[in-house]
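> Return atomic coordinates for the entry below.
(2 chains)
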Number of protein chains: 2
Amino acid sequence: MSLGGLGVDQRCRCIETESRRIGKLIESVELFPPSSHCKDTEIIATLKGTGQEICLEPAAPWVKKVIEKIIANKAP
Amino acid sequence: MSLGGLGVDQRCRCIETESRRIGKLIESVELFPPSSHCKDTEIIATLKGTGQEICLEPAAPWVKKVIEKIIANKAP
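Modelled structure (predicted):
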């Protein structure tokens, strides 16, 4: 789950990550590199329609593929 | 430059992209896949400190590397 926010969070945003492959539902993806607030990269997807924010697992192969597709100018 | 917004934009967010390698300045990166609003992927970086939003070029090798580093749990 994500707490999103205005980038002023002082700790990790994600408590748990989504294990299902929800690539088709993704409207946008936000990447937060490791920082003083959170030692691990966090990836938060915003879903189409609802705008719901979902944390994804950076180490999951399907998540990497989704991001690679987006960078390659394709819909996930 | 970026217009950011609440995800309700009805057209492309980026007018131009940053050509300098600003990886070290990046606090977070948001990826917008192609959609009915904008045919091309858009990548918007938020900068440390100022929170300024800057559009990056998805096809630029340094941008891909920055994103790959973040996914690999490293600071860009």
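
> okay, CA-based contacts and neighbour counts for the rest of this
Will do.

> which residues of chain A score low on pLDDT?
The model of chain A has pLDDT under 70 over residues A:1-9.

> who's in contact with residue A:55?
A:1, A:2, A:14, A:16, A:17, A:18, A:42, A:43, A:44, A:45 (C-alpha atoms under 8 Å, 6 or more residues apart in numbering or on different chains).

> Can you say which of these are buried?
A:2, A:14, A:17, A:42, A:43, A:44, A:45 (16 or more other C-alpha atoms under 10 Å in any protein chain shown).

> in the sheet, who's paired with the fourth one?
Following DSSP bridges, residue A:42 is listed with bridge partners residue A:32.

> do you know how far whichever residue of chain A sits closest to chain B is from residue B:29?
At 4.2 Å from chain B, residue A:30 is the closest residue in chain A, using C-alpha to the nearest C-alpha. When C-alpha to C-alpha, to the nearest Å is the yardstick, residue A:30 and residue B:29 sit 6 Å from each other.

> got the residue ranges for the helices in chain A?
Applying DSSP state H to chain A gives helices spanning A:61-71.

> thought residue A:75 was touching residue B:36?
No - with contact defined as C-alpha atoms under 8 Å, residue A:75 does not reach residue B:36; the gap is 10.7 Å.

> Compare those two and say which is more crowded by neighbours.
Neighbour tally, residue A:75 and residue B:36, criterion other C-alpha atoms under 10 Å in any protein chain shown: the higher count belongs to residue A:75, 20 against 10.

> can you pull the contacts of that one?
A:24, A:69, B:33, B:34, B:35.

> which residues touch residue A:70?
A:76, B:31, B:32, B:33, B:34, B:41 are the contacts of residue A:70 under C-alpha under 8 Å, 6+ apart.

> Please read the previous query as pertaining to residue A:26.
A:45, A:46, A:47, A:48, A:76.

> interface residues of chain A facing chain B?
Within chain A, the positions adjacent to chain B are A:27-35, A:40-41, A:58-59, A:64, A:70-76 by C-alpha under 8 Å from any C-alpha of the partner chain.

> what's residue A:69 in contact with, if anything?
A:75, A:76.

> Apart from its chain neighbours, what residue comes closest to the residue sitting nearest the centre point of chain A?
By C-alpha atoms, centre = their mean, chain A has its centre lying nearest to residue A:44, at 2.2 Å. Spatial nearest neighbour of residue A:44, excluding adjacent residues (C-alpha to C-alpha, 6 or more residues apart in numbering or on different chains): residue A:55 at 4.4 Å.
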